[in-house]
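**Student:** Would you be able to build a 3D model of this:
(one chain, ligands or ions: 1)
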Amino acid sequence: MCGIVGGVAERNISNILIEGLKRLEYRGYDSAGLALINQGQILRERRVGKVVNLEQAVLDAQLNGSLGIAHTRWATHGKPTENNAHPHISGNVAVVHNGIIENYQELKDQLETLGYIFTSQTDTEVVAHLVNDALKSTPSLLEAVRLVVPKLKGAYALGIIHTDHPDELITVREGSPLVIGVGIGENFISSDQLALLPITNRFIYLEEGDIARLTRTTIEVFVDGQLVERPITELDATVTNASKGRYKHYMLKEIYEQPEAIKQTISQALNGNALREDFLANANDQFKNIQQIQIIACGTSYHAGMIAKYWCEQLIDLPCQVEIASEFRYRSPVIVNQTLYLCISQSGETADTLAALRDIQKRAVSKHLDITTMAICNVATSSMVRETNYSLLTLAGPEIGVASTKAFTTQLAALMLLVLKIGTVKQTITAEQVSQLIADLWHIPKILLDTLQNNNEILALSELFVEKQHCLFLGRGTHFPIALEGALKLKEISYIHAEGYAAGELKHGPLALVDNEMPVVILAPKDDMLDKLKSNMEEVQARGGELFVFADENSGIKSKDRQHVVNVPTVHPTLAPIVYSIPIQLLSYHVAVLRGTDVDQPRNLAKSVTVE
Ligand code: G6P
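**Tutor:** Numbers count the residues shown, from 1 in each chain. Sure, this is the predicted structure:
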């Protein structure tokens, strides 16, 4: 999704803005631009494609200035062209924008009748013209922005500069993330703190509706024209470690970080083979009362939620529903008393999940319902964590690869902890079961390390996928969501069309696709469904399909003609989905590398989907 970086300093900040944009590349984008104020002029460069293209243009033009805004654009309104790239200029005003201005057409019509000429197809350009127009009635840039904001409908974060205000950067947060990086004698803004980490570890997280004015030495935040206090948060080093290290791609590094990330995530909640007394202790009363869980999430996080549904029902006898946030929010959901509404999100900023959460809260208030909201999230400072009653953090560290890996498996670990916690409070699980599962959970990091040893074997198999057009993933029970996740991973980074299916559904459609050109990936842990899965494998083989089986080392499934088996270490069947995530991640990764795609930033996709 679009990324904003801006700053006001004494030094030339063009390099800082470019470096910031590079650090936002992982979010996904298709063009980039930058504007600086220098001696009463706006200097602007915009380029289609990668930030390096913009960097070269800025170097060639020798642009410099101590006040500026920069942007990576992920096209929503208008194609990825230079004219549509931000910043957009009207008169002496330059604007960058994340999000969507929903009523832009109406505003554009009004502005055109006033004589404003549009040079792009974007929704953003209306903001530049509106601020320019508002400056006819006030000399204050801040005041002009305040006059414009009520006219804008939608979700947005803005960075605004003006040639007559060479020491002033105005920013607005309304529905799209924005942080202020607090420097010494200089201040910055960005849609993600990662962009500013080379400069500062001190951040102010703006709230929805905040308008801020930054100068080199001051930061003022306003709500409805009134000055408000916003605390400065200092981040520690673990949050800030986001380099690729010795790995070729962030995704591979993140796959290998999973044993440690899981260890970190479970350590916060466990004391030996028991849950810590203080783990989510402030939610005990709420957890005791809940009658069901409703999970809301998108993408990979949704798949984590699907697995949690099996766990809730099997382990603690608690009904659990899971729904994609973009569907949930638009179908007038009936909000039910004594329900735990659980948002799962790596970023904590996904527009649909956040909107669903806000809608749930609004409906619950209007009907005087007693509900509990909670987030499982990888970003402690995110909107979702701040806006829910309780949160449980996945301690995965920053995830940069668009294809989620360590965020997913740590979500599973966190969900298991939550299920054990709720079951304990509600007394629907025995202390023995809890301590057995925790003992098995402690073994997971080691089992993941052993599973990662299969890397070369999986690399060799991935060569057989390179020329394929389609692929099927099959699993049963908690490995049905893993099959969905495997298909998602493969399609998003290798661009091979892939489908995940519950193996029991094979005969109801996908079997028609199976021929000798169709690779079929099977997830075969040693659980109650193994024999049924073996029958499904026979059905595929009988139709000439080629099987790639990730199977428990004691499953009895062996390699043979057109059946390639990779052995996975034996694991407690309940926790197996955490382990079987590894081979599907490695398979997708290697296929994508062999096909030469942009593994960390696949085409058309974004890491943090902050618009719907
Ligand atoms: C995007 C990302 C996925 C992620 C999904 C949900 O599609 O590319 O990796 O699973 O958003 O994001 P969230 O931050 O809410 O987990």
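
**Student:** How is this protein partitioned into domains?
**Tutor:** Using automatic domain parsing, the domain parsing of the chain gives 3-246, 252-451, 453-595.

**Student:** Check the stretch 401-550 of the chain for the residue nearest the ligand and tell me.
**Tutor:** Shortest the stretch 401-550 of the chain-to-the ligand distance, computed as C-beta to the nearest ligand atom: residue-wise this is S404, at 3.6 Å. From N, CA and C alone the C-beta is placed, and that goes for glycine too.

**Student:** OK, contacts around the closest residue to the ligand within the stretch 151-300 of the chain?
**Tutor:** Residue of the stretch 151-300 of the chain nearest the ligand, by C-beta to the nearest ligand atom: G299 (2.9 Å). By C-beta atoms under 8 Å, 6 or more residues apart in numbering, the contact list for G299 reads 350, 404, 488, 609.

**Student:** List, one by one, the residues from the stretch 251-400 of the chain near the ligand.
**Tutor:** Residues of the stretch 251-400 of the chain lying close to the ligand (C-beta under 6 Å from any ligand atom) are 298-301, 345-347, 350, 353.

**Student:** Can you redo those as JSON lines, where the extra columns are secondary structure and pLDDT?
**Tutor:** Formatted as JSON lines, those follow (DSSP: H, G, I helix; E, B strand; the rest coil; pLDDT from 0 to 100):
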{"residue": "C298", "secondary structure": "coil", "pLDDT": "97"}
{"residue": "G299", "secondary structure": "helix", "pLDDT": "96"}
{"residue": "T300", "secondary structure": "helix", "pLDDT": "97"}
{"residue": "S301", "secondary structure": "helix", "pLDDT": "98"}
{"residue": "S345", "secondary structure": "strand", "pLDDT": "97"}
{"residue": "Q346", "secondary structure": "coil", "pLDDT": "95"}
{"residue": "S347", "secondary structure": "coil", "pLDDT": "91"}
{"residue": "T350", "secondary structure": "coil", "pLDDT": "91"}
{"residue": "T353", "secondary structure": "helix", "pLDDT": "96"}
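
**Student:** among the residues you listed, who's most crowded?
**Tutor:** Most neighbours among these, by other C-beta atoms under 10 Å: S345, with 34 neighbours.

**Student:** Was I right to think that one contacts T300?
**Tutor:** No - using C-beta atoms under 8 Å, S345 is not in contact with T300, being 10.0 Å away.

**Student:** Got the phi and psi for L594?
**Tutor:** phi -60, psi -30 (degrees, to the nearest 10).

**Student:** Please work out how many residues are found near it.
**Tutor:** 15.

**Student:** Spatially nearest residue to it (excluding sequence neighbours)?
**Tutor:** V466 (4.9 Å; C-beta to C-beta, 6 or more residues apart in numbering).

**Student:** For the closest residue to the residue of the stretch 401-550 of the chain closest to the ligand other than its chain neighbours, give its distance to G6.
**Tutor:** Excluding its sequence neighbours, the residue lying closest to S404 (C-beta to C-beta, 6+ apart) is T300, at 4.0 Å. Relative to G6, T300 is positioned 31 Å away (criterion: C-beta to C-beta, to the nearest Å).

**Student:** G20 in helix, strand or coil?
**Tutor:** Of the three states, G20 takes helix under DSSP: H, G, I helix; E, B strand; the rest coil.

**Student:** How many neighbouring residues does it have?
**Tutor:** G20 has 31 nearby residues by other C-beta under 10 Å.

**Student:** same thing with the one 5 residues further on?
**Tutor:** In terms of burial, E25 registers 19 neighbours under the definition other C-beta under 10 Å.

**Student:** ditto for I582
**Tutor:** 26.

**Student:** how about L437, phi and psi?
**Tutor:** According to degrees, to the nearest 10, L437 has phi -70, psi -40.

**Student:** and Q563, what is it in contact with?
**Tutor:** Applying C-beta under 8 Å, 6+ apart, the residues contacting Q563 are 537, 541, 546-547, 549, 557.

**Student:** What residues sit buried inside stretch 123-141?
**Tutor:** 123-135, 141 (16 or more other C-beta atoms under 10 Å).

**Student:** Stretch 462-482 now?
**Tutor:** With burial defined by 16+ other C-beta under 10 Å, the residues of stretch 462-482 counted as buried are 462, 465, 468, 471-482.

**Student:** how about that stretch, does it reach the ligand?
**Tutor:** No - for stretch 462-482, no contact with the ligand is found by C-beta under 6 Å from any ligand atom; the gap never falls below 12.7 Å.

**Student:** quick one: terminal-to-terminal distance for that stretch?
**Tutor:** For stretch 462-482, the separation between the terminal residues is 18 Å (C-alpha to C-alpha, to the nearest Å).

**Student:** what does stretch 537-554 give?
**Tutor:** Stretch 537-554 stretches 17 Å from its first residue to its last (C-alpha to C-alpha).

**Student:** So what touches that stretch?
**Tutor:** Contacts for stretch 537-554 (C-beta under 8 Å, 6+ apart): 461, 464, 472, 474, 506-507, 511, 514-516, 518-526, 530, 557, 562-571, 580, 583-584, 587.

**Student:** Now, those that are in helices?
**Tutor:** 461, 530, 580, 583-584, 587 (DSSP state H).

**Student:** By pLDDT, rank those and give me the bottom one.
**Tutor:** For the ones in helices among the contacts of stretch 537-554, the minimum pLDDT belongs to L530; the value there is 94.

**Student:** K446: neighbour count?
**Tutor:** For K446, using other C-beta under 10 Å, the count is 12.
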